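Chemist: Take this sequence and fold it.
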Amino acid sequence: MSCFENLGLHPHILEAIAETGYTQPTPIQQEAIPLALQGLDLRASAQTGTGKTAAFILPALHRLAATPPSKGVGPRILILVPTRELATQVAAQAKTYGKHLPHLKTLCMIGGVPYHAQKRLLQKPYDILIATPGRLIDYVERGTIKLSRVEMLILDEADRMLDMGFIEAVEHIADLTPENRQTLLFSATLSSHILKLSEHLMKEPREIFIEASQSHKNNIAQRLHYTDDLDHKNRLLDHILQASDVVSVIVFTSTKQHAGELVEQLHDAGHAVAALHGDMHQRQRSRTIDQLRKGFIRILVATDVAARGIDIPTISHVINFDLPRNIEDYVHRIGRTGRAGAKGVALSFAGHRESSLVQRIEKFTGQDIECVEIPGLEPKMRSSKKPAGSKRPFKQGHSSRRPESRGPRRYEERPRHSQQERRPKQEGSFFSQTESKRQDRPARPQQGKRPDGGAKKFSRVFNTTFSTPAPRKKREPVA
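Modeler: Model (predicted):
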(Lines give C-alpha, C1' and ligand atoms only; values in the text may rest on other atoms or scores of the structure.)
Protein backbone atom coordinates (compact mmCIF):
# COMPACT_ATOMS: atom_id res chain seq x y z
CA MET A 1 0.00 0.00 0.00
CA SER A 2 1.37 3.45 -0.95
CA CYS A 3 1.98 6.31 1.47
CA PHE A 4 1.15 10.02 1.19
CA GLU A 5 4.70 10.82 0.02
CA ASN A 6 4.07 8.85 -3.20
CA LEU A 7 1.00 10.90 -4.14
CA GLY A 8 3.00 13.98 -5.17
CA LEU A 9 1.59 16.43 -2.61
CA HIS A 10 3.33 19.65 -1.55
CA PRO A 11 5.90 19.25 1.29
CA HIS A 12 4.03 21.68 3.57
CA ILE A 13 0.89 19.56 3.18
CA LEU A 14 2.81 16.35 3.90
CA GLU A 15 4.17 17.93 7.04
CA ALA A 16 0.66 18.72 8.27
CA ILE A 17 -0.52 15.18 7.45
CA ALA A 18 2.34 13.69 9.46
CA GLU A 19 1.39 15.81 12.46
CA THR A 20 -2.14 14.39 12.41
CA GLY A 21 -0.76 10.85 12.69
CA TYR A 22 -2.04 9.49 9.37
CA THR A 23 0.51 7.46 7.43
CA GLN A 24 -1.49 5.50 4.82
CA PRO A 25 -4.10 6.98 2.46
CA THR A 26 -7.53 5.38 2.25
CA PRO A 27 -8.68 3.78 -1.04
CA ILE A 28 -10.66 6.86 -2.10
CA GLN A 29 -7.68 9.10 -1.35
CA GLN A 30 -5.29 6.80 -3.15
CA GLU A 31 -7.35 6.87 -6.36
CA ALA A 32 -8.77 10.40 -6.33
CA ILE A 33 -5.74 12.51 -5.36
CA PRO A 34 -3.48 11.59 -8.33
CA LEU A 35 -6.28 12.24 -10.84
CA ALA A 36 -7.19 15.53 -9.18
CA LEU A 37 -3.55 16.66 -9.22
CA GLN A 38 -3.55 16.16 -13.00
CA GLY A 39 -6.36 18.70 -13.34
CA LEU A 40 -8.99 16.18 -14.47
CA ASP A 41 -12.70 16.42 -13.70
CA LEU A 42 -13.72 13.70 -11.31
CA ARG A 43 -16.89 12.14 -9.94
CA ALA A 44 -16.44 9.69 -7.08
CA SER A 45 -18.75 7.51 -5.04
CA ALA A 46 -17.71 6.54 -1.51
CA GLN A 47 -19.57 5.89 1.70
CA THR A 48 -19.25 8.07 4.77
CA GLY A 49 -16.23 7.51 6.98
CA THR A 50 -13.91 6.54 4.10
CA GLY A 51 -11.82 9.74 4.17
CA LYS A 52 -13.37 11.40 1.12
CA THR A 53 -13.12 14.89 2.64
CA ALA A 54 -9.32 14.72 2.59
CA ALA A 55 -9.55 13.25 -0.94
CA PHE A 56 -10.57 16.67 -2.29
CA ILE A 57 -9.11 19.00 0.38
CA LEU A 58 -5.53 17.83 -0.18
CA PRO A 59 -5.54 18.39 -4.00
CA ALA A 60 -7.19 21.78 -3.48
CA LEU A 61 -4.48 22.86 -1.02
CA HIS A 62 -1.80 21.56 -3.38
CA ARG A 63 -3.21 23.70 -6.18
CA LEU A 64 -3.06 26.79 -3.99
CA ALA A 65 0.52 26.06 -2.97
CA ALA A 66 1.84 25.11 -6.42
CA THR A 67 0.24 27.76 -8.66
CA PRO A 68 0.36 31.55 -8.23
CA PRO A 69 -2.97 33.32 -7.73
CA SER A 70 -4.67 35.10 -10.60
CA LYS A 71 -5.68 38.76 -10.46
CA GLY A 72 -9.06 39.70 -9.11
CA VAL A 73 -11.17 39.14 -6.02
CA GLY A 74 -13.10 36.14 -4.84
CA PRO A 75 -12.26 32.53 -3.96
CA ARG A 76 -9.91 30.30 -5.91
CA ILE A 77 -11.43 27.13 -4.43
CA LEU A 78 -15.23 26.88 -4.05
CA ILE A 79 -16.66 23.98 -2.03
CA LEU A 80 -20.44 23.46 -1.87
CA VAL A 81 -21.93 21.32 0.91
CA PRO A 82 -25.57 20.60 1.89
CA THR A 83 -25.52 21.34 5.64
CA ARG A 84 -23.91 23.76 8.06
CA GLU A 85 -22.33 21.00 10.15
CA LEU A 86 -20.64 19.51 7.10
CA ALA A 87 -19.38 22.96 6.08
CA THR A 88 -17.85 23.45 9.52
CA GLN A 89 -16.20 20.02 9.36
CA VAL A 90 -14.71 20.67 5.90
CA ALA A 91 -13.43 24.09 7.00
CA ALA A 92 -11.74 22.52 10.04
CA GLN A 93 -9.93 19.96 7.88
CA ALA A 94 -8.84 22.66 5.42
CA LYS A 95 -7.28 24.62 8.26
CA THR A 96 -5.66 21.47 9.72
CA TYR A 97 -3.96 20.32 6.51
CA GLY A 98 -3.14 23.84 5.29
CA LYS A 99 -1.76 25.33 8.48
CA HIS A 100 1.82 25.39 7.09
CA LEU A 101 0.81 27.15 3.86
CA PRO A 102 1.61 30.87 4.14
CA HIS A 103 -1.21 33.41 3.93
CA LEU A 104 -3.93 30.75 3.50
CA LYS A 105 -7.39 32.10 4.26
CA THR A 106 -10.52 29.94 4.53
CA LEU A 107 -14.06 31.25 4.90
CA CYS A 108 -17.24 29.38 5.79
CA MET A 109 -20.51 30.92 4.54
CA ILE A 110 -23.53 29.21 6.10
CA GLY A 111 -26.99 30.10 7.29
CA GLY A 112 -27.75 31.05 10.87
CA VAL A 113 -24.92 33.61 11.01
CA PRO A 114 -25.63 37.38 10.79
CA TYR A 115 -25.08 38.86 7.34
CA HIS A 116 -23.07 41.86 8.52
CA ALA A 117 -20.51 39.62 10.28
CA GLN A 118 -19.95 37.47 7.18
CA LYS A 119 -19.94 40.51 4.91
CA ARG A 120 -17.10 41.99 6.93
CA LEU A 121 -15.05 38.81 6.42
CA LEU A 122 -15.73 38.80 2.68
CA GLN A 123 -14.12 42.21 2.32
CA LYS A 124 -10.74 40.67 3.20
CA PRO A 125 -8.66 38.43 0.87
CA TYR A 126 -9.43 34.71 1.05
CA ASP A 127 -8.59 31.60 -0.99
CA ILE A 128 -11.08 28.87 -0.04
CA LEU A 129 -14.82 29.44 0.29
CA ILE A 130 -16.97 26.70 1.83
CA ALA A 131 -20.68 27.45 1.58
CA THR A 132 -24.16 26.03 1.46
CA PRO A 133 -25.93 26.79 -1.86
CA GLY A 134 -28.73 28.85 -0.33
CA ARG A 135 -26.51 31.29 1.57
CA LEU A 136 -24.08 31.61 -1.36
CA ILE A 137 -26.91 32.52 -3.75
CA ASP A 138 -27.95 35.31 -1.35
CA TYR A 139 -24.50 36.87 -1.42
CA VAL A 140 -24.12 36.44 -5.18
CA GLU A 141 -27.42 38.22 -5.84
CA ARG A 142 -26.34 41.07 -3.57
CA GLY A 143 -23.08 41.38 -5.49
CA THR A 144 -20.95 40.66 -2.42
CA ILE A 145 -19.19 37.57 -3.85
CA LYS A 146 -17.57 37.29 -7.27
CA LEU A 147 -16.93 33.82 -8.67
CA SER A 148 -14.86 34.81 -11.72
CA ARG A 149 -11.61 33.67 -10.07
CA VAL A 150 -12.70 30.10 -9.18
CA GLU A 151 -10.15 27.52 -10.32
CA MET A 152 -11.67 24.44 -8.69
CA LEU A 153 -15.35 23.73 -7.95
CA ILE A 154 -16.03 20.90 -5.47
CA LEU A 155 -19.45 19.39 -4.72
CA ASP A 156 -19.47 17.35 -1.52
CA GLU A 157 -22.45 15.12 -0.68
CA ALA A 158 -24.02 15.95 -4.04
CA ASP A 159 -26.80 13.41 -3.52
CA ARG A 160 -27.93 15.17 -0.37
CA MET A 161 -27.94 18.56 -2.09
CA LEU A 162 -30.21 17.17 -4.79
CA ASP A 163 -32.54 15.68 -2.18
CA MET A 164 -32.79 19.09 -0.49
CA GLY A 165 -33.77 20.77 -3.77
CA PHE A 166 -30.49 22.61 -4.42
CA ILE A 167 -29.98 21.37 -7.99
CA GLU A 168 -31.05 24.65 -9.63
CA ALA A 169 -28.94 26.66 -7.20
CA VAL A 170 -25.90 24.45 -7.89
CA GLU A 171 -26.29 24.79 -11.66
CA HIS A 172 -26.69 28.57 -11.35
CA ILE A 173 -23.54 28.84 -9.21
CA ALA A 174 -21.59 26.69 -11.66
CA ASP A 175 -22.65 28.91 -14.57
CA LEU A 176 -21.10 31.90 -12.77
CA THR A 177 -17.67 30.24 -12.57
CA PRO A 178 -15.12 30.12 -15.44
CA GLU A 179 -15.55 27.37 -18.03
CA ASN A 180 -11.92 26.24 -17.68
CA ARG A 181 -12.35 25.38 -14.02
CA GLN A 182 -11.75 21.91 -12.58
CA THR A 183 -14.81 20.19 -11.10
CA LEU A 184 -14.80 17.44 -8.47
CA LEU A 185 -18.03 15.74 -7.39
CA PHE A 186 -18.26 13.40 -4.39
CA SER A 187 -21.40 11.49 -3.47
CA ALA A 188 -22.46 8.43 -1.51
CA THR A 189 -24.19 7.09 -4.64
CA LEU A 190 -24.02 7.96 -8.33
CA SER A 191 -27.69 7.93 -9.24
CA SER A 192 -29.08 8.90 -12.64
CA HIS A 193 -29.76 12.45 -11.40
CA ILE A 194 -26.16 12.78 -10.19
CA LEU A 195 -24.82 11.53 -13.51
CA LYS A 196 -27.04 13.97 -15.40
CA LEU A 197 -25.79 16.84 -13.23
CA SER A 198 -22.17 15.82 -13.68
CA GLU A 199 -22.54 15.72 -17.47
CA HIS A 200 -23.77 19.30 -17.34
CA LEU A 201 -20.94 20.53 -15.11
CA MET A 202 -17.95 18.44 -16.23
CA LYS A 203 -15.84 17.74 -19.28
CA GLU A 204 -14.92 14.09 -19.83
CA PRO A 205 -15.01 13.21 -16.12
CA ARG A 206 -13.21 10.25 -14.64
CA GLU A 207 -15.32 8.01 -12.43
CA ILE A 208 -14.28 6.33 -9.18
CA PHE A 209 -16.39 3.89 -7.21
CA ILE A 210 -15.13 2.77 -3.81
CA GLU A 211 -17.05 -0.02 -2.14
CA ALA A 212 -16.95 -0.14 1.63
CA SER A 213 -14.47 -2.72 2.84
CA GLN A 214 -15.60 -5.70 4.90
CA SER A 215 -13.59 -4.45 7.87
CA HIS A 216 -15.42 -1.13 7.69
CA LYS A 217 -18.77 -2.94 7.53
CA ASN A 218 -17.92 -5.10 10.52
CA ASN A 219 -16.87 -2.01 12.45
CA ILE A 220 -20.51 -1.19 13.26
CA ALA A 221 -22.80 -3.78 14.86
CA GLN A 222 -26.33 -3.28 13.51
CA ARG A 223 -29.32 -4.47 15.54
CA LEU A 224 -33.07 -4.16 15.12
CA HIS A 225 -35.81 -3.94 17.76
CA TYR A 226 -39.42 -4.36 16.65
CA THR A 227 -41.79 -2.17 18.65
CA ASP A 228 -45.54 -2.07 19.26
CA ASP A 229 -46.09 1.66 19.83
CA LEU A 230 -44.48 4.89 21.05
CA ASP A 231 -44.61 3.82 24.70
CA HIS A 232 -42.75 0.62 23.82
CA LYS A 233 -40.06 2.69 22.07
CA ASN A 234 -39.65 4.92 25.13
CA ARG A 235 -39.25 1.96 27.46
CA LEU A 236 -36.67 0.37 25.14
CA LEU A 237 -34.72 3.63 24.89
CA ASP A 238 -34.69 4.08 28.67
CA HIS A 239 -33.38 0.52 29.13
CA ILE A 240 -30.64 0.93 26.51
CA LEU A 241 -29.40 4.26 27.89
CA GLN A 242 -28.87 2.69 31.31
CA ALA A 243 -26.27 0.26 29.91
CA SER A 244 -22.69 0.84 31.04
CA ASP A 245 -21.20 0.56 27.54
CA VAL A 246 -23.20 3.53 26.24
CA VAL A 247 -20.62 6.33 26.39
CA SER A 248 -22.05 8.90 23.98
CA VAL A 249 -25.13 8.42 21.80
CA ILE A 250 -27.03 10.16 19.00
CA VAL A 251 -30.77 9.47 18.84
CA PHE A 252 -32.33 10.24 15.44
CA THR A 253 -35.99 11.21 15.15
CA SER A 254 -38.12 11.97 12.11
CA THR A 255 -39.40 15.42 13.11
CA LYS A 256 -38.17 18.48 15.01
CA GLN A 257 -41.22 18.43 17.26
CA HIS A 258 -40.62 14.84 18.29
CA ALA A 259 -36.96 15.64 18.97
CA GLY A 260 -37.97 18.43 21.37
CA GLU A 261 -40.49 16.21 23.17
CA LEU A 262 -37.95 13.40 23.55
CA VAL A 263 -35.36 15.82 24.96
CA GLU A 264 -37.82 16.92 27.63
CA GLN A 265 -38.58 13.32 28.60
CA LEU A 266 -34.90 12.36 28.82
CA HIS A 267 -34.05 15.54 30.74
CA ASP A 268 -36.79 14.79 33.29
CA ALA A 269 -35.31 11.29 33.66
CA GLY A 270 -31.96 12.81 34.68
CA HIS A 271 -29.96 12.46 31.44
CA ALA A 272 -27.52 15.06 30.10
CA VAL A 273 -29.26 15.63 26.77
CA ALA A 274 -29.61 18.29 24.08
CA ALA A 275 -31.40 18.68 20.74
CA LEU A 276 -30.06 19.47 17.28
CA HIS A 277 -32.37 20.39 14.39
CA GLY A 278 -32.78 22.87 11.56
CA ASP A 279 -34.70 25.54 13.49
CA MET A 280 -31.73 26.28 15.77
CA HIS A 281 -29.39 29.18 15.11
CA GLN A 282 -25.90 28.30 13.98
CA ARG A 283 -24.38 29.49 17.25
CA GLN A 284 -26.66 27.15 19.19
CA ARG A 285 -25.88 24.22 16.89
CA SER A 286 -22.13 24.77 17.10
CA ARG A 287 -22.28 25.08 20.89
CA THR A 288 -24.32 21.86 21.16
CA ILE A 289 -21.87 19.87 19.02
CA ASP A 290 -18.95 21.29 21.01
CA GLN A 291 -20.59 20.22 24.28
CA LEU A 292 -21.09 16.71 22.89
CA ARG A 293 -17.45 16.58 21.78
CA LYS A 294 -16.21 17.71 25.23
CA GLY A 295 -18.51 15.33 27.10
CA PHE A 296 -20.76 17.91 28.77
CA ILE A 297 -23.78 16.21 27.22
CA ARG A 298 -24.11 12.46 26.77
CA ILE A 299 -27.16 12.19 24.52
CA LEU A 300 -27.88 14.17 21.37
CA VAL A 301 -31.41 13.95 19.94
CA ALA A 302 -31.25 15.08 16.33
CA THR A 303 -33.00 15.04 12.99
CA ASP A 304 -31.28 14.15 9.72
CA VAL A 305 -29.55 17.54 9.75
CA ALA A 306 -26.92 15.85 11.94
CA ALA A 307 -26.66 12.72 9.80
CA ARG A 308 -23.82 14.30 7.84
CA GLY A 309 -21.04 16.45 9.12
CA ILE A 310 -20.56 15.30 12.73
CA ASP A 311 -17.18 13.67 13.26
CA ILE A 312 -16.81 12.79 16.94
CA PRO A 313 -14.80 9.60 17.65
CA THR A 314 -16.32 9.15 21.13
CA ILE A 315 -19.84 8.38 19.85
CA SER A 316 -20.39 4.75 20.82
CA HIS A 317 -24.04 4.28 19.85
CA VAL A 318 -26.47 5.54 17.24
CA ILE A 319 -30.17 4.89 17.82
CA ASN A 320 -32.72 5.26 15.04
CA PHE A 321 -35.76 6.06 17.16
CA ASP A 322 -37.58 6.57 13.84
CA LEU A 323 -36.37 4.87 10.67
CA PRO A 324 -35.44 7.30 7.90
CA ARG A 325 -37.70 7.48 4.86
CA ASN A 326 -34.66 7.93 2.65
CA ILE A 327 -32.59 4.75 2.65
CA GLU A 328 -29.32 6.61 2.01
CA ASP A 329 -29.83 8.59 5.22
CA TYR A 330 -29.61 5.32 7.15
CA VAL A 331 -26.02 4.85 6.01
CA HIS A 332 -25.09 8.39 7.00
CA ARG A 333 -26.83 8.06 10.35
CA ILE A 334 -25.00 4.94 11.47
CA GLY A 335 -21.77 6.40 10.06
CA ARG A 336 -21.65 8.80 13.03
CA THR A 337 -20.33 5.90 15.13
CA GLY A 338 -17.45 3.51 14.52
CA ARG A 339 -15.20 6.28 13.20
CA ALA A 340 -11.40 6.32 13.06
CA GLY A 341 -11.23 2.53 13.39
CA ALA A 342 -13.30 2.38 16.60
CA LYS A 343 -16.16 -0.04 17.23
CA GLY A 344 -19.72 1.23 17.16
CA VAL A 345 -23.29 0.04 17.67
CA ALA A 346 -26.30 1.07 15.57
CA LEU A 347 -29.74 0.26 16.99
CA SER A 348 -32.98 0.76 15.07
CA PHE A 349 -36.59 0.76 16.27
CA ALA A 350 -39.15 -0.38 13.72
CA GLY A 351 -42.87 -1.01 13.75
CA HIS A 352 -44.26 -4.23 12.32
CA ARG A 353 -45.58 -2.36 9.30
CA GLU A 354 -42.04 -1.18 8.49
CA SER A 355 -40.70 -4.63 7.64
CA SER A 356 -40.53 -3.76 3.94
CA LEU A 357 -38.48 -0.65 4.74
CA VAL A 358 -36.07 -2.77 6.78
CA GLN A 359 -35.64 -5.15 3.86
CA ARG A 360 -34.93 -2.23 1.51
CA ILE A 361 -32.25 -0.97 3.89
CA GLU A 362 -30.67 -4.43 4.03
CA LYS A 363 -30.68 -4.68 0.25
CA PHE A 364 -29.10 -1.21 -0.11
CA THR A 365 -26.36 -1.84 2.45
CA GLY A 366 -25.79 -5.48 1.48
CA GLN A 367 -25.94 -6.52 5.15
CA ASP A 368 -28.47 -8.33 7.29
CA ILE A 369 -29.61 -6.47 10.41
CA GLU A 370 -29.80 -8.73 13.45
CA CYS A 371 -33.25 -8.76 15.06
CA VAL A 372 -32.95 -8.87 18.86
CA GLU A 373 -35.31 -8.78 21.84
CA ILE A 374 -34.76 -7.65 25.42
CA PRO A 375 -36.26 -9.92 28.10
CA GLY A 376 -39.30 -8.24 29.58
CA LEU A 377 -39.57 -5.79 26.65
CA GLU A 378 -40.53 -8.19 23.88
CA PRO A 379 -43.04 -6.97 21.30
CA LYS A 380 -46.56 -8.31 21.57
CA MET A 381 -46.61 -9.29 17.90
CA ARG A 382 -43.82 -11.61 16.85
CA SER A 383 -42.09 -10.60 13.65
CA SER A 384 -41.28 -13.02 10.87
CA LYS A 385 -38.26 -11.07 9.65
CA LYS A 386 -36.21 -12.75 6.93
CA PRO A 387 -32.85 -11.72 5.49
CA ALA A 388 -33.01 -9.34 2.57
CA GLY A 389 -33.36 -11.10 -0.75
CA SER A 390 -34.45 -14.41 0.76
CA LYS A 391 -37.23 -16.34 -0.96
CA ARG A 392 -39.81 -18.69 0.42
CA PRO A 393 -38.29 -22.17 0.45
CA PHE A 394 -40.01 -25.01 -1.34
CA LYS A 395 -41.45 -27.84 0.67
CA GLN A 396 -39.68 -31.14 0.60
CA GLY A 397 -40.43 -32.96 -2.60
CA HIS A 398 -41.82 -29.84 -4.26
CA SER A 399 -40.53 -28.88 -7.68
CA SER A 400 -41.01 -25.60 -9.51
CA ARG A 401 -41.52 -27.54 -12.71
CA ARG A 402 -43.86 -30.50 -13.10
CA PRO A 403 -42.05 -33.71 -14.10
CA GLU A 404 -42.77 -35.00 -17.57
CA SER A 405 -43.39 -38.55 -16.34
CA ARG A 406 -46.49 -37.60 -14.36
CA GLY A 407 -48.34 -36.49 -17.44
CA PRO A 408 -51.23 -34.06 -17.51
CA ARG A 409 -53.36 -33.52 -14.42
CA ARG A 410 -56.59 -35.52 -14.45
CA TYR A 411 -59.64 -34.95 -12.33
CA GLU A 412 -61.94 -37.74 -11.15
CA GLU A 413 -65.56 -37.36 -12.07
CA ARG A 414 -67.82 -37.18 -9.03
CA PRO A 415 -71.36 -38.68 -9.22
CA ARG A 416 -74.03 -36.09 -9.57
CA HIS A 417 -77.22 -36.45 -7.54
CA SER A 418 -80.65 -35.93 -9.07
CA GLN A 419 -83.17 -33.51 -7.66
CA GLN A 420 -84.95 -36.29 -5.83
CA GLU A 421 -81.75 -37.77 -4.34
CA ARG A 422 -80.61 -34.51 -2.78
CA ARG A 423 -80.81 -34.20 0.97
CA PRO A 424 -84.24 -32.87 1.97
CA LYS A 425 -84.47 -29.58 3.77
CA GLN A 426 -84.78 -29.80 7.52
CA GLU A 427 -87.85 -28.51 9.23
CA GLY A 428 -87.26 -25.25 11.01
CA SER A 429 -84.17 -24.39 9.01
CA PHE A 430 -83.64 -20.95 7.54
CA PHE A 431 -84.30 -22.17 4.00
CA SER A 432 -87.52 -23.94 4.88
CA GLN A 433 -88.83 -20.90 6.76
CA THR A 434 -88.03 -18.66 3.83
CA GLU A 435 -89.80 -21.01 1.44
CA SER A 436 -92.93 -21.08 3.62
CA LYS A 437 -93.01 -17.29 3.77
CA ARG A 438 -92.89 -17.13 0.01
CA GLN A 439 -95.86 -19.50 -0.24
CA ASP A 440 -97.94 -17.51 2.29
CA ARG A 441 -97.24 -14.19 0.58
CA PRO A 442 -100.27 -12.89 -1.43
CA ALA A 443 -99.90 -12.71 -5.14
CA ARG A 444 -98.93 -9.38 -6.57
CA PRO A 445 -101.82 -7.82 -8.49
CA GLN A 446 -101.30 -7.11 -12.11
CA GLN A 447 -101.07 -3.55 -13.24
CA GLY A 448 -104.06 -2.27 -15.08
CA LYS A 449 -104.80 0.80 -17.11
CA ARG A 450 -107.21 3.42 -15.91
CA PRO A 451 -109.51 5.18 -18.33
CA ASP A 452 -107.68 8.45 -17.78
CA GLY A 453 -104.29 6.92 -18.68
CA GLY A 454 -102.97 6.34 -15.10
CA ALA A 455 -101.71 3.04 -13.73
CA LYS A 456 -102.47 1.00 -10.64
CA LYS A 457 -99.44 -0.18 -8.64
CA PHE A 458 -99.00 -2.31 -5.53
CA SER A 459 -96.96 -0.96 -2.63
CA ARG A 460 -95.16 -3.62 -0.57
CA VAL A 461 -94.44 -1.11 2.19
CA PHE A 462 -98.06 -0.15 2.94
CA ASN A 463 -99.63 -3.32 1.48
CA THR A 464 -102.09 -1.30 -0.53
CA THR A 465 -102.79 -0.16 -4.04
CA PHE A 466 -102.22 3.40 -5.10
CA SER A 467 -102.72 5.21 -8.39
CA THR A 468 -100.29 7.36 -10.26
CA PRO A 469 -101.63 10.59 -11.72
CA ALA A 470 -102.50 10.71 -15.37
CA PRO A 471 -100.14 12.61 -17.68
CA ARG A 472 -101.00 16.24 -18.22
CA LYS A 473 -102.51 17.28 -21.53
CA LYS A 474 -100.75 19.87 -23.62
CA ARG A 475 -102.43 23.24 -23.57
CA GLU A 476 -103.65 24.45 -26.96
CA PRO A 477 -102.36 27.85 -28.00
CA VAL A 478 -104.88 30.65 -27.77
CA ALA A 479 -105.74 32.14 -31.15
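Chemist: can you give me how far stretch 159-178 is from the chain middle?
Modeler: 19 Å (Cα atoms, centre = their mean, to the nearest Å).
Chemist: How about stretch 356-364?
Modeler: Taking mean C-alpha positions (Cα atoms, centre = their mean), stretch 356-364 and its chain are 12 Å apart.
Chemist: Would you mind listing the buried residues in it?
Modeler: Within stretch 356-364, the residues scored as buried using 16 or more other Cβ atoms under 10 Å are Leu357, Val358, Gln359, Ile361, Glu362. For glycine as for every other residue, the C-beta is placed from the backbone atoms N, C-alpha and C.
Chemist: Just the mean pLDDT for it, thanks.
Modeler: Stretch 356-364 carries an average pLDDT of 90.
Chemist: coming back round to it: between the buried residues of stretch 356-364, which is closest to Val73?
Modeler: Val73 has its nearest neighbour among the buried residues of stretch 356-364 in Ile361, at 47.0 Å by Cβ to Cβ.
Chemist: Tell me the spacing between that closest one and Ala350.
Modeler: 9 Å (Cβ to Cβ, to the nearest Å).
Chemist: ok, now Arg206?
Modeler: Distance from Arg206 to Ala350, by Cβ to Cβ: 40 Å.
Chemist: what do you get for Gly366?
Modeler: Counting by Cβ to Cβ - Gly366 and Ala350 are separated by 19 Å.
Chemist: Angles on the backbone of His12, please.
Modeler: Geometry field for His12 lists phi and psi as phi -60, psi -30, criterion degrees, to the nearest 10.
Chemist: now Ala65
Modeler: phi -80, psi -30.
Chemist: That one: neighbour count?
Modeler: 17 (other Cβ atoms under 10 Å).
Chemist: so it touches Leu101, yeah?
Modeler: Yes: counting by Cβ atoms under 8 Å, Ala65 does reach Leu101; the two are 5.4 Å apart.
Chemist: returning to that earlier point: find the residues that touch each one of Ile361 and Ala350.
Modeler: Leu323 (Cβ atoms under 8 Å, 6 or more residues apart in numbering).
Chemist: So which of Arg206 and Ala350 has more stuff around it?
Modeler: Legend: neighbour count by other Cβ under 10 Å for Arg206 and Ala350, higher for Ala350 (23 against 15).
Chemist: Report the strands that pair with the helix or strand containing the more buried one, each with its relative direction.
Modeler: In this assignment (DSSP states H and E), Ala350 forms part of strand 344-351. Strand 344-351 sits in its sheet next to strand 220-227 (parallel), strand 317-320 (parallel), going by DSSP bridges.
Chemist: Just tell me which of these ends up closest to Pro375.
Modeler: Of the strands paired with strand 344-351, the one closest to Pro375 (Cβ to Cβ) turns out to be strand 220-227, at 12.6 Å.
Chemist: Now do the buried residues in the helix or strand just after the closest one.
Modeler: Helices and strands here follow DSSP H and E; after strand 220-227, the next one along the chain is helix 230-241. Of the residues in helix 230-241, His232, Lys233, Asn234, Leu236, Leu237, Ile240, Leu241 count as buried by neighbour count, 16+ other Cβ under 10 Å.
Chemist: circling back to that earlier point, which strands and helices sit next to the helix or strand just after the strand holding Ala350?
Modeler: Next along the chain after strand 344-351, taking DSSP H and E as the criterion, comes helix 355-365. Judged by 3 or more Cβ pairs under 8 Å, 6 or more residues apart in numbering; DSSP states H and E, the packing partners of helix 355-365 are helix 327-334, strand 344-351.
Chemist: What average pLDDT does the first one get?
Modeler: Predicted confidence along helix 327-334 averages 84 (mean pLDDT).
Chemist: quick one: Ser70 and Thr144, what's the gap?
Modeler: Taking Cβ to Cβ, one finds Ser70 at 20 Å from Thr144.
Chemist: more neighbours, the two?
Modeler: Thr144 (14 against 11).
Chemist: pretty sure Gly98 contacts Ile17?
Modeler: No: shown here, Gly98 and Ile17 do not form a contact pair, counting by Cβ under 8 Å, at 10.8 Å.
Chemist: what domains does the record give for the chain?
Modeler: 4-209, 214-371 (automatic domain parsing).
Chemist: how long is the first one end to end?
Modeler: End-to-end distance of domain 4-209 (Cα to Cα, to the nearest Å): 20 Å.
Chemist: quick one on the thing from earlier: quick check: neighbours shared by Ala65 and Leu101?
Modeler: The contact lists of Ala65 and Leu101 share His10, His12, Ile13, where a contact means Cβ under 8 Å, 6+ apart.
Chemist: Val372 - how many residues pack around it?
Modeler: 10.
Chemist: give me every residue that touches the closest residue to it other than its chain neighbours.
Modeler: Of all residues not flanking Val372 in the chain, Arg223 sits nearest, at 5.0 Å (Cβ to Cβ, 6 or more residues apart in numbering). Contact analysis of Arg223 by Cβ under 8 Å, 6+ apart lists Val345, Ala346, Leu347, Ser348, Ile369, Glu370, Cys371, Val372.
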